[in-house]
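K.L.:
no sequence for this one, just the structure:
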Ligand code: GAL
């Protein structure tokens, strides 16, 4: 499959007389896909039951007739105002008990049965109308689950659904009390209907209660998505997809992904650098107008796993956005670079947000490919250049990486529930491992704890994996030559208790965690030979040999057979050392990269991606500022 380009378009924002010319210009610019419809419920159904689809019929026909393939969105992220009159209790409620009011978007609670039925109703109407329309080539369900902090809701609907979920999970109130340890502080319950949502408590609620609520909240997203999938499946044969986000971790994307055909995500590199990433000021300044060199790739690789190999970028930043604290413009070349980087990681489609900048409402300061007055914005030329490059390189076939990271959403929920130290964060830990692997020039795959492929990787990194069972330990040990655990791996059971066998609870590894300490950001513990641990440090004992030692003589890394266990959150130098040691053990060849330069291997090409604002010389080749060198394997070739 050759990679293609697309764009997000809102025909309901523009006079109908503009549609045909827009469509023709999209095609001229090298775009082949167009996503529409995902926020247009008030135009599809202006009053309850009063359907108005003729405008959408004409929009699809106009775009399709120009040769574009349409992704049609279900509009369920934006329930119209009348919906609230029908279902006054459908709003999500925040942790302080305040309703999330009408007037923007995503103002619904995933647990509200009445709203869910409205969603399946409108989805069925759309599926029956467009499911076999030859121009509709994919469906997007809803828009960005979890955006604006909307996964977790403390509404009456959520309370009722949670109590039922607990009864299904635990069977009897006694087993719930035992599992959660409710004897502590006399928190025992007599009945499931006494259990409240874990907000507004005097001090911390029981972490087992919170973790159960986090699992429940994730399951509600999975069920909400599946309800629409079940309606659409019999009505269409084209792929169903959803657009996920960066570092939104409140629901298990692997589980949502199992019900869909393609994972897509929305990539806003410059916005993420300023509002979603821990990094020092020098780093944020160096990449201010390019975005972080690993953040996009991390999500490309993660969502490739979520989509079981099939994934797109659904929304690509084309210029300044409107939502970060500061919104600089991309440096020349970056829109093309981000697009080609996505393709290097296997994107089937890269689609830009949005076609023309809106002249009204919340996002009027958000750039598009055209200005509000219909002139080309700077990104349009880069889109055309990207289309030319894609035409020249043809298919980009992916290869399995030698290294994988195990990513586990439940570990994020667990460690957010009881962080123990302010600097300890699951995403941050995993991202630091990913960054280090990329600094070593490696391509990385992701795997989920529920789906470990057998015999497939040289190394798997599973830092911070909260819950480990014998079965998962066995699968991991069998699937690769080296598994790296820790810190905080195997530290709790499913019900948030310290395992009876102790931590990390690994059967094939003679090591125990005797003590845990957390440190403020300005303090670190040095490792003999270089590098240090930050934020989180464990005191290990046991006969598994020490591979690295802290300056105070305690273990920093232990290793036994194919299992290694790390005692702290490594700084960059410590990660680099560990990766060198792991590469020596497993025969993985490293390609150390200069700052801001990254490489990605595919079957026929090596992509070398320069996020720096200056050219970089590497391996005898100069890679231009904000540029990508695409080399055919064996025959060096200029981009
Ligand atoms: C995304 C969203 C779009 C638009 C965009 C602006 O999160 O899906 O609808 O709001 O951000 O950057």
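P.N.:
Received, thanks. Given the structure is predicted, the values throughout are model-derived calculations rather than measurements.

K.L.:
Near the ligand, which residues of this protein? Just list them.
P.N.:
143, 144, 147, 266, 268, 315, 321, 323, 353, 363, 366 (C-beta under 6 Å from any ligand atom). Glycine gets a C-beta too; all of them are placed from N, C-alpha and C.

K.L.:
Just the buried ones from these?
P.N.:
143, 144, 147, 266, 268, 315, 321, 353, 366 (16 or more other C-beta atoms under 10 Å).

K.L.:
Farthest-apart pair in the residues you listed, please.
P.N.:
Greatest spatial distance among these (C-beta to C-beta): 143 and 321, at 16.0 Å.

K.L.:
Rebuild the residues of the chain next to the ligand as a markdown table, extending it with secondary structure.
P.N.:
Output for those, formatted as a markdown table (DSSP: H, G, I helix; E, B strand; the rest coil):
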| residue | secondary structure |
| --- | --- |
| 143 | coil |
| 144 | coil |
| 147 | coil |
| 266 | strand |
| 268 | coil |
| 315 | strand |
| 321 | coil |
| 323 | coil |
| 353 | coil |
| 363 | coil |
| 366 | coil |
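
K.L.:
quick one, strands of the stretch 251-400 of the chain?
P.N.:
262-267, 311-316, 349-352 (DSSP state E, counting those that start in this stretch).

K.L.:
so what strands line up beside the last one?
P.N.:
Meaning strand 349-352. Here strand 349-352 has these sheet partners by DSSP bridges: strand 4-8 (parallel), strand 311-316 (parallel).

K.L.:
ok, then the element right after the first one?
P.N.:
Proceeding N to C from strand 4-8, the next assigned helix or strand is helix 19-28, under DSSP states H and E.

K.L.:
Tell me the helix or strand right after that next one.
P.N.:
By DSSP H and E, the next helix or strand past helix 19-28 is strand 33-36.

K.L.:
Against which helices or strands is that following strand packed?
P.N.:
Under the contact criterion of 3 or more C-beta pairs under 8 Å, 6 or more residues apart in numbering; DSSP states H and E, the helices and strands touching strand 33-36 comprise strand 4-8, helix 54-65, strand 69-73, strand 136-140, strand 349-352.

K.L.:
Under the pLDDT cut-off, which ranges of the stretch 1-150 of the chain? List them.
P.N.:
Applying pLDDT under 70 to the stretch 1-150 of the chain flags no residue at all.

K.L.:
Work out the gap between the strand or helix carrying residue 169 and the centre of the chain.
P.N.:
Secondary structure assigned from DSSP H and E places residue 169 in helix 156-170. Relative to the chain's own centre, helix 156-170 is displaced by 27 Å; criterion: C-alpha atoms, centre = their mean, to the nearest Å.

K.L.:
Could you number the chain from 30 rather than 1 from now on?
P.N.:
Taking 30 as the first residue, the last one we looked at is helix 185-199.

K.L.:
after it comes which helix or strand?
P.N.:
helix 202-209.

K.L.:
quick one on the thing from earlier: list of residues touching the helix holding residue 198?
P.N.:
Outside helix 185-199, the residues that touch it by C-beta atoms under 8 Å, 6 or more residues apart in numbering are 118-119, 122, 138-142, 205, 208, 221-222, 224-226, 241-242, 245-246, 248-249.

K.L.:
how does it look with 6 Å?
P.N.:
Outside helix 185-199, the residues that touch it by C-beta atoms under 6 Å, 6 or more residues apart in numbering are 138, 140, 141, 205, 221, 222, 224, 226, 245.

K.L.:
quick one: which of the strands paired with strand 378-381 is nearest residue 52?
P.N.:
Closest among the strands paired with strand 378-381, once you apply C-beta to C-beta, is strand 33-37, at 10.5 Å.

K.L.:
And the helices in the stretch 130-279 of the chain?
P.N.:
142-159, 185-199, 202-209, 236-261 (DSSP state H, counting those that start in this stretch).

K.L.:
coming back round to it: just so I know, which of the strands of the stretch 280-429 of the chain lies nearest residue 502?
P.N.:
Once those are compared by C-beta to C-beta, strand 291-296 is nearest, at 27.8 Å.

K.L.:
tell me what that closest one is packed against?
P.N.:
strand 269-273, helix 324-335, strand 340-345 (3 or more C-beta pairs under 6 Å, 6 or more residues apart in numbering; DSSP states H and E).

K.L.:
just to revisit the earlier point, just the helices of the stretch 130-279 of the chain: most buried one?
P.N.:
helix 236-261 (a mean of 21; mean count of other C-beta atoms under 10 Å).

K.L.:
Give the rounded mean pLDDT of that one.
P.N.:
For helix 236-261, mean pLDDT is 98.

K.L.:
Could you give the separation of the worst-scoring helix or strand of the chain on mean pLDDT from the chain centroid?
P.N.:
None of the helices or strands of the chain scores lower by mean pLDDT, DSSP states H and E than helix 499-508, at a mean of 90. Here helix 499-508 is found 25 Å from its chain centre; the criterion is C-alpha atoms, centre = their mean.

K.L.:
For it, which outside residues touch it?
P.N.:
481, 483, 485, 489, 512, 535, 536, 591.

K.L.:
pretty sure residue 465 is in a strand, no?
P.N.:
No. Counting by three-state DSSP, residue 465 falls outside a strand, being helix.

K.L.:
and it, how many neighbours?
P.N.:
Residue 465 has 22 neighbours, counted by other C-beta atoms under 10 Å.

K.L.:
tell me the contacts of the closest residue to the ligand within the stretch 180-329 of the chain?
P.N.:
In the stretch 180-329 of the chain, the residue found nearest to the ligand is residue 295; the distance is 5.0 Å by C-beta to the nearest ligand atom. By C-beta under 6 Å, 6+ apart, the contact set of residue 295 is 272, 274, 343, 344.

K.L.:
Compare those and tell me which has the most neighbours.
P.N.:
residue 343 (32 neighbours).

K.L.:
need the strands of the stretch 280-429 of the chain in TSV with distance to residue 585 and mean pLDDT, can you?
P.N.:
Putting the strands of the stretch 280-429 of the chain into TSV (distance: least, C-beta to C-beta, whole Å; pLDDT from 0 to 100) gives the following:
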stretch	distance to residue 585	mean pLDDT
strand 291-296	35	98
strand 340-345	36	98
strand 378-381	42	98
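
K.L.:
contacting residues around residue 175?
P.N.:
277, 279.

K.L.:
still on that earlier bit, buried residues in the least confident helix or strand of the chain, which are they?
P.N.:
501, 502, 504, 505, 506, 508.

K.L.:
quick one: which of these is nearest to the ligand?
P.N.:
residue 501 (33.8 Å).

K.L.:
From residue 590, how far out is the closest one?
P.N.:
Here the distance between residue 501 and residue 590 works out to 17 Å (C-beta to C-beta, to the nearest Å).

K.L.:
ditto for residue 376
P.N.:
In terms of C-beta to C-beta, residue 376 sits 38 Å off from residue 590.

K.L.:
what do you get for residue 637?
P.N.:
36 Å.

K.L.:
In the protein, which strand is the longest?
P.N.:
The longest strand of the chain (DSSP state E) is strand 561-570.

K.L.:
List the pairing partners of the next helix-or-strand element following that strand within its sheet, with orientation.
P.N.:
Where DSSP H and E defines the elements, the next helix or strand beyond strand 561-570 is strand 575-578. Strand 575-578 has its sheet partners listed here by DSSP bridges as strand 584-589 (antiparallel).

K.L.:
next helix or strand past the partner strand?
P.N.:
Next along from strand 584-589, by DSSP H and E: strand 592-595.

K.L.:
elements contacting that next one?
P.N.:
Going by 3+ C-beta pairs under 6 Å, 6+ apart, strand 592-595 lies up against strand 509-514.

K.L.:
try 8 Å
P.N.:
strand 509-514, strand 584-589, helix 601-615.

K.L.:
roughly how far out does it sit from the chain middle?
P.N.:
Worked out by C-alpha atoms, centre = their mean, strand 592-595 lies 26 Å from the chain centre.

K.L.:
Could you identify the helix or strand that succeeds that strand?
P.N.:
strand 597-599.
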